[in-house]
Structures are given as structure tokens and as C-alpha cells.
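Engineer: The following block contains a protein sequence and its predicted model.
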Amino acid sequence: MNAMNTENAVTVRNVYKNYKDVEALRDLSIDFPKGQLTSLLGPSGCGKTTLLKIIGGLIPATSGEVLVNGKPITGPGPDRAFVFQDFALLPWASAIRNVAFGLELKGVAKSEREAVAEKYIAAVGLKGFENSYPHELSGGMRQRVGLARALSVNADVLLMDEPFSAVDEQTRRKFQEDLLGLVQNENKTFLFVTHSIEEAVYVSNQVAILLPRPSRVSEIIRPHSFRDKDVDSIRRDPEYLDLVDRIWTSLRSYVE
Amino acid sequence: MTIFGYRLPNMSSLLLWGLLWEFVGQIELTFFLPPLSAIFATLWEIGGTPAFLKALRETAQAFAIGTTSAIVIGVPVGILMGMSRLIDELLLPWVNVFLSAPLTALVPVLMVLFGFGLKAIVITTALFAVWIIVLNTRAGVMQINRSLVEMARSFGASRFDAFTKIYFWAALPEILGGVRIGFIRGVKGVIIGQLLISIVGFGALFEIYASNFLMKHFWAVLLVLFALSFLIAEFLAWLERKVEYYASSRN
């Protein structure tokens, strides 16, 4: 595939980010093609979460620009929705109010937003838990609520900050399979931060490897032979195994 | 608590102290401490009198207005201090000064400023209650899970949305704790106000009974006051327990 012909949902151009004297990102540029899932993968401290938060408009870049659908961003916007590592659910609100919270902030009427929320609660497999509170749900179910909240505002771009790192291994595998279905059916662009090599290769259309000190995109890998296979055969695909190995080889020297 | 395998009901210790009090009163050790039974008898006697009911009404009114204003002012100020570094730096020294200041010494100044009526008493009550409410609310807001704030921002929350939909609810357990202690301090404030500013309400009763050495009457009013503040504190503690479930799951 020729990358020049692909339309990009998000473009990051020459972004610098300094925290006082510490250089978190230096001259970072990367494109995120529309309708695809791009992983940001790297050792801890490589600035991948920082980059995601800059794209989300949650923290300002020191210099450089981020374009979403061709327009430079100035802060958070309705074209992007965040999924948080620690779920970030309101502990005092039921699942349905949590899912509808993005719409509530937009001023959508209660009956309308709850109808949308109900639809996405069912879509993430939580039908029947509408009135449960976060402390009554397991970690995996809480993240499904977080995911439904991000889906219900119908943003073009989903920003996922290590969304599966706080759930157990089996739940994580199920999530990864479900995520592949979402990418295919939802026609949205996914930006996915992870520190798991297997996870990145498994779910991504492209994997961006970030290296620290100074942070930069060292390599972009696009798996192609197994992307259209069914979820069960991916982990046995030779290209999958090769890529996992290759990425580990380039990352191992950065791991203390 | 269990003793010899028997489970004692809550507040059994009150019974023990009550018996000791009755005993010390009966042996007439000091006029200061009449027997507890005599105090309750006196309470029964004066409880329904117009003078007592009027005092109760005056005290309750000043207390209600004073503590309500303390909440209405204290909670938003505390939230703002927790949200904004600038406001916090500006106000925190004053909050700490007034929290530990001997506010009783300020009451004569309040009399000069606000006269001898209800207004000055209400302000005294609020002044006793408000600081701990501010400080507790601030503490509740400061320990908020940062990603809740980021979440609200990322979904387009305005500062006002964040104030009413995130910070207030996240800090609610601490706010209720602050209100509970504020109310207890407010009881002190209203009585001191009624003693020093204008001799009305329970303050007036204390003044009359103490200066005439009517100790049974004095203790009777004190018991009523204790019972009332105990009830308020217990009610707020109950509310606190109702929201506690999410205090632990916030982080």
C-alpha cells in the first residue's frame, strides 16, 4: 500500500514537548491513516502516553502541530474520544450515566442520551448492567463501560491509553479480539498505546515503535499477511511470530 | 465490645458514667454535681415551659442560619481552593489562621460591626463552623483522581461542569466529614454568641442558671444541647457512611 495515497485522520508534525529541562518529545512526526488502528509501542519513558495526550488536546505541545482531519487542534474536541488506562469512571454514577456522560456534557437531553448509551452498553456486551455502579463491576467490565462511553460520542478518532493493562490476561485476550471487530465495523481511527509487543502486533494495522532519550519514532511496521485472517489463527501466523521477535530485538537494549 | 461473652449494646459506657454521676450526686460531694435523676426531673419540669421553648427556638434558628451559610460559603470556597493553585495560595494562610484563632476573642469586634441582634450571633456561628468545612472540602478535592478531571476535559467539560459534576461529587465524603465537624463547632459558636452578644436563647438560660447556682437547671440544658448536637453529628456520620463506598473506589 502506498502511504502517500492513504488519507490520514491524524497527522503529527514536528512536535516537541519539554517539561522544564526534560525533553519528553523531540521533533516527532507521524501519520495515522483513517479507519485503521495504529499502535504506539515502546519502553516505558518513551513518551507514548505524552504523545497520545497531546493528540487528545489534554496537554499542549511545546512546539509543532497536530492535525485532526486536516485541521490543527487547540484542545480537546468532539472529533476525538479518550479511553483511559484506569477507566476514569465516575464512582457515584451508574454504568448508563457513565456511558452517557460524554453526551451529558454536550447537553444532549436525558432520554436521548440514555437511548444511545443503552445501545453501546449492549454493543460492548454489558446488557443488563445498565444500573450497576462501577464498584459492582469487574475490571474488564469497567473498561467496557469506558469503551462504550468513548464510542457513544461518535468521535472519528479513538485514543486508547493502555486500555487493557489493568485487566487480567484472559479478559485482555477477549478485548483484543473484540477490538479487531470494532476496527472493522466502526469505521473509526484508533490510536492505541501499549507496552505489550504481542498485543501491538495482534491488533494493529501499523505499529509505530517509539524509542526514548530523545523520544522519536524509530520504525513503522505494517503487518499485512494475517490482518484479514480470523482471530484464532493470527497468533500462529509466521509473520506475526517474526514481527514479535523483530520488535523485541530492537527494543531489548532499551529495557533496564 | 464483648465482656465475659456478653455482647454489650452501643454506648453502654454512658450507662456506667450515668450511674457514677448519680452516685457522686447522691453523696452530695459538691453542689456543682446534682444527682442525674434530679437533673432529668428538672428537665421534665422546665422542658415544656414557654421560656425553654423560646430559648430552643432562638438557638435553633441562629444555628440553622449560621451553619447553612457556613456550608453555602465553605464548600464552594474549598472546591475553588482545591481546583486553583492561585486561589489556594491566596486563601490558605487565612483559613489556617482562623481555624486555630481563638474566635471567642473576636466576638466583641463582631458586636461592634454587626450590632447586638441575631445577625451577629449567626455570623459568630458561621465563623466557628466555616473554616473546617473549607479545609476538608479542599482536602477532598485535592486527592481527586486526576484522570477523572482529564476524562471530563477530554469530553468537553467546561470549568463549571467540572465544578458541579466532578469536583463536588468526588469530594463529597470529605465535605460531609467537614460539615459534621463544622456543625459541632457551630454549636459552640451559637452558645458563645448568645452568651456574649445578646443574652438570648440557650446562652441566656446558661447565664441565668449559672449565676444563680441553679446547677440542676444548668445541667438539664447542657444535656439537651449535648443530645441535639449528638443527633446532628450521628445523622451526618450516617450520611457519610452512605457515600463512603465510593470514597474507597475513587483511586
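Structural biologist: That came in fine, so what should we check first? Numbering: from 1, shown residues only, chains lettered A, B, ... in the order given.

Engineer: Could you pull up the residues touching residue 69?
Structural biologist: Here I'm looking at chain A. Shown in contact with residue A:69 (CB atoms under 8 Å, 6 or more residues apart in numbering or on different chains): A:9, A:79, A:156. The C-beta positions use only the backbone N, C-alpha and C, and glycine is treated the same way.

Engineer: nope, chain B please
Structural biologist: B:122, B:126, B:130.

Engineer: again with residue B:138
Structural biologist: By CB under 8 Å, 6+ apart, the residues touching residue B:138 are B:78, B:79, B:81, B:82, B:88, B:92, B:95.

Engineer: and stretch A:82-101, does that touch chain B?
Structural biologist: Yes - residues of stretch A:82-101 contacting chain B under CB under 8 Å from any CB of the partner chain: A:82, A:84, A:85, A:86, A:88, A:90, A:91, A:92, A:101.

Engineer: Just the ones in helices from those residues, please.
Structural biologist: Those of these mapping onto helices are residue A:101, per DSSP state H.

Engineer: quick one: which of the residues of stretch A:82-101 next to chain B is nearest to residue B:220?
Structural biologist: Nearest to residue B:220 among the residues of stretch A:82-101 next to chain B is residue A:92, at 43.0 Å by CB to CB.

Engineer: Check the burial of the closest one by counting its neighbours.
Structural biologist: Residue A:92 has 18 neighbouring residues, counting by other CB atoms under 10 Å in any protein chain shown.

Engineer: Touching, it and residue B:244? I think so.
Structural biologist: No - counting by CB atoms under 8 Å, residue A:92 sits too far from residue B:244 to count as a contact (11.4 Å).

Engineer: Residues of the stretch 1-150 of chain A that sit close to chain B?
Structural biologist: Checking the stretch 1-150 of chain A against chain B by CB under 8 Å from any CB, the hits are A:53, A:56-58, A:76-78, A:80-82, A:84-86, A:88, A:90-92, A:101-102, A:104-106, A:133-135, A:149.

Engineer: Now, of those residues, which are buried?
Structural biologist: A:53, A:56-58, A:76-77, A:80-82, A:84-86, A:88, A:90-92, A:101-102, A:104-105, A:133-134, A:149 (16 or more other CB atoms under 10 Å in any protein chain shown).

Engineer: quick one: which of those sit in strands?
Structural biologist: The strands, defined by DSSP state E, take in A:80, A:81, A:82 from these.

Engineer: Check the gap between the last one and residue A:146 for me.
Structural biologist: Residue A:82 sits 9 Å away from residue A:146, going by CB to CB, to the nearest Å.

Engineer: what do you get for the first one?
Structural biologist: Distance, residue A:80 to residue A:146, by CB to CB: 15 Å.

Engineer: what about the strands in the stretch 1-150 of chain A?
Structural biologist: A:8-19, A:22-33, A:37-41, A:63-68, A:71-72, A:80-83 (DSSP state E, counting those that start in this stretch).

Engineer: now those strands as TSV including mean pLDDT?
Structural biologist: As requested, the strands of the stretch 1-150 of chain A are arranged in TSV below (pLDDT from 0 to 100):
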stretch	mean pLDDT
strand A:8-19	90
strand A:22-33	88
strand A:37-41	92
strand A:63-68	92
strand A:71-72	90
strand A:80-83	93
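
Engineer: nearest to residue A:233, of those?
Structural biologist: Residue A:233 sits nearest to strand A:37-41 of all the strands of the stretch 1-150 of chain A, at 18.5 Å, using CB to CB.

Engineer: In its sheet, which strands sit next to that closest one, and in what direction?
Structural biologist: Here strand A:37-41 has these sheet partners by DSSP bridges: strand A:189-194 (parallel), strand A:206-211 (parallel).

Engineer: Those strands: lowest mean pLDDT?
Structural biologist: Among the strands paired with strand A:37-41, strand A:206-211 carries the lowest mean pLDDT, at a mean of 90.

Engineer: got the contact list for it?
Structural biologist: With CB under 8 Å, 6+ apart as the test, strand A:206-211 has contacts from A:30, A:33, A:36-43, A:46-48, A:51, A:200-201, A:216-223, A:243, A:247, A:250-251, A:254.

Engineer: Give the buried subset of those as a ChimeraX selection command.
Structural biologist: In ChimeraX, this line selects whichever of the contacts of strand A:206-211 come out buried by 16+ other CB under 10 Å:
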select /A:30,33,36,37,38,39,40,41,42,43,46,47,48,51,200,201,216,217,221,223,243,247,251
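
Engineer: Identify the spatial nearest neighbour of residue B:216, chain neighbours not counted.
Structural biologist: residue B:42 (4.3 Å; CB to CB, 6 or more residues apart in numbering or on different chains).

Engineer: got the CA positions of the helix or strand hosting the one you found in PDB?
Structural biologist: In this structure, residue B:42 is located in helix B:36-47 according to DSSP states H and E. Written as PDB, here are the backbone C-alpha positions of helix B:36-47 (Å, rounded to 0.1, in the frame of the first residue of the first chain):
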ATOM      1  CA  LEU B  36     -28.500  12.700  87.400                       C
ATOM      2  CA  SER B  37     -32.100  11.700  88.300                       C
ATOM      3  CA  ALA B  38     -32.700  15.100  89.800                       C
ATOM      4  CA  ILE B  39     -31.400  16.700  86.600                       C
ATOM      5  CA  PHE B  40     -33.800  14.700  84.500                       C
ATOM      6  CA  ALA B  41     -36.600  15.600  86.800                       C
ATOM      7  CA  THR B  42     -35.800  19.300  86.400                       C
ATOM      8  CA  LEU B  43     -35.600  18.800  82.600                       C
ATOM      9  CA  TRP B  44     -39.100  17.300  82.700                       C
ATOM     10  CA  GLU B  45     -40.200  20.300  84.700                       C
ATOM     11  CA  ILE B  46     -38.700  23.100  82.500                       C
ATOM     12  CA  GLY B  47     -38.900  21.200  79.200                       C
END
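
Engineer: Having no further points to raise, I will conclude here.
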